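J.: What follows is a protein structure lacking sequence information:
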């Protein structure tokens, strides 16, 4: 029995010198038309799509890490701020606890006392102290001081407005005396009972700061300092009880001073010009110890 024609091997055509081509298995090295394709030399390149995906993922990962670090830093800053605020809160609460709301919905009042304003019209509350005093052309030292800087200026202004340096000391002192003695007499409730070691300063300022008006105590206190400014160093006012012509006793204010001729004297402004430089024995008096009252 003869084999089918298709099963016969083709004979080699050696005489022609041509080697028949063997078919290669599909899917290995064959092209679409069954022909062998030439492989390019060198290494195989990376696929484009996977490389691009890996690059995008790397960028995304970097952005995520950076964002996490920034958020962490911001969180730390916010936490520190909250901690600081929490620390300051008790202090603010403590300060607020010292404030009380005034009645009637007015401005808040604190526990601290409000500073008191002083006025030149309130000598009792004014604790002005004398420094170097003021210049006086009538005394050898050239400086006058009462112990109160405000009163120093007031005495100087009063005396310099009346006495001039072309006057002799007696004339100048008499003119200043008349300036006080002829002032308006006014009784005030706060000038009835002198007391304390500074009563002279207090009453002298009351006289001057009330438009040079007052009673016998205020006149005497201010006149005593004026005479000191004019060089009568021992001049000083006293609160006394003196015997009247009726036989009764009355409260009064006098100035005791040594006259330029060396005579111990007193001045009584209630008598006007007649009360200038009287002998210190002219009245029967008792000096009151008001400084220790």
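T.: Structure's in. What do you need? Only a predicted model underlies this, so the values are computations on that prediction, with no experimental measurement involved. Residues are numbered from 1 along each chain as shown.
J.: only C-alpha atoms for contact and neighbour calcs from this point on.
T.: Fine.
J.: can you pull out the strands in this protein?
T.: Along the chain, the segments classed as strands by DSSP state E run 99-100, 109-110, 134-135, 143-144, 184-185, 213-214, 236-243, 249-258, 264-267, 278-279, 285-287.
J.: which one of the ones you listed lies closest to residue 195?
T.: strand 236-243 (9.4 Å; C-alpha to C-alpha).
J.: Which positions within the closest one qualify as buried?
T.: By neighbour count on 16 or more other C-alpha atoms under 10 Å, the buried set for strand 236-243 is 236, 237, 238, 239, 240, 241, 242.
J.: What of stretch 179-192?
T.: 179, 180, 181, 182, 183, 191.
J.: How many residues are close by the residue nearest to the fourth one when sequence neighbours are not counted?
T.: It refers to residue 182. Using C-alpha to C-alpha, 6 or more residues apart in numbering and skipping the chain neighbours, the partner closest in space to residue 182 is residue 272 (6.7 Å). Other residues near residue 272 come to 16 when the count uses other C-alpha atoms under 10 Å.
J.: Residue 272: what's it in contact with?
T.: By C-alpha atoms under 8 Å, 6 or more residues apart in numbering, residue 272 lies in contact with 178, 181, 182.
J.: got JSON lines for those, with distance to residue 281 and pLDDT too?
T.: Shown next, in JSON lines, are those (distance: C-alpha to C-alpha, whole Å; pLDDT from 0 to 100):
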{"residue": "178", "distance to residue 281": "22", "pLDDT": "98"}
{"residue": "181", "distance to residue 281": "21", "pLDDT": "98"}
{"residue": "182", "distance to residue 281": "24", "pLDDT": "97"}
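J.: Out of those residues, which comes closest to residue 134?
T.: For the contacts of residue 272, the nearest to residue 134 is residue 178 (22.9 Å; C-alpha to C-alpha).
J.: That closest one and residue 273 touch, don't they?
T.: Yes: counting by C-alpha atoms under 8 Å, residue 178 touches residue 273, with 6.5 Å between them.
J.: who touches residue 226 in this structure?
T.: Residue 226 neighbours (C-alpha under 8 Å, 6+ apart): 155, 156, 159, 176.
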